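> Next comes the sequence, and after it the predicted model I'd like to discuss.
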Amino acid sequence: MTETDKLSLFFSNEFPFNKEGLEEFVNTFVIKSYKKGEIILENGNIEYELRFLDKGIIREYYATNDKEKNINFYTNSGFITDFSSFTHSSATKKHQECLIDVDLRVLSKENFLNFTNQYNCGKLFIETIFQRIVVNKETEEFNHFVNTAEELYLDIMKTKPDWLLKIPQYHIASYLGITPETLSRIRKRI
């Protein structure tokens, strides 16, 4: 499956564009490649692009001068845009870094708004994305509050096994809020 097919499949499954509009929309995205270690989003910046991950791995995290906390990893095709920043033109609090070489499909906010005005489909797209973000964030926060690090690790094993194969363990430990040594002890017990 080509990268264009991944983007087309995503939209045809998730949003009711007509075929004509979908093809035109997908073809307006531009391919951008990034190298391992490149930062594609920084705290304080405003999102002016829709970014769709074709291939690669991206870690999303919060950072201060003295610490970082991983909050998500993107390993599958899908949108990685901070939609709150994108839709409200507000500064993001997140960082995103390429853990390996990454290919993205990118669409400027201006082109997105032109397209959605022409086809009148952008409102549903944004509403649906926000609903998913809120549900996912609430579930994630609840799980981190009520579950132990070991329970969270078991959940990753069950729901996101690709993370354990593709993401360095010290990043997984940060996501769980524990040290790599503690993660190592958990892995030995399981």
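Arrived safely.
> C-alpha from now on. contacts and neighbour counts both.
OK.
> what's across from residue 96 in the sheet?
Per DSSP bridges, the residues bridged to residue 96 are residue 41, residue 60.
> so how far is residue 99 from the one residue sitting closest to the centre of the chain?
Centroid-nearest residue in the chain, with Cα atoms, centre = their mean: residue 80, separated by 3.4 Å. Using Cα to Cα, to the nearest Å, we find residue 80 at a distance of 14 Å from residue 99.
> This structure: helices as residue ranges?
Here the chain has its helices, by DSSP state H, at 3-14, 19-27, 83-88, 109-119, 122-146, 149-159, 161-166, 169-176, 180-189.
> what packs against the longest one?
The contact analysis (3 or more Cα pairs under 8 Å, 6 or more residues apart in numbering; DSSP states H and E) places helix 122-146 against helix 83-88, helix 109-119.
> what stretches of this structure score poorly on pLDDT?
1-4, 11-22, 120-123, 125-126, 130 (pLDDT under 70).
> Pick the most buried one from the helices and strands packed on helix 122-146.
By mean neighbour count, with neighbours taken as mean count of other Cα atoms under 10 Å, helix 83-88 ranks first of these at a mean of 16.
> just checking, what packs against that helix?
Short answer (3+ Cα pairs under 8 Å, 6+ apart): helix 83-88 packs on helix 122-146.
> Just the angle for the helix it packs on relative to helix 109-119, thanks.
Counting by axes from the mean of the first three to the mean of the last three Cα atoms, to 10 degrees, helix 122-146 lies at 120 degrees to helix 109-119.
> mind starting the numbering at 26 from now?
Sounds good: first residue 26 from here, last item helix 147-171.
> chain center to helix 147-171: distance?
In terms of Cα atoms, centre = their mean, to the nearest Å, the centre of helix 147-171 is found 12 Å from the chain centre.
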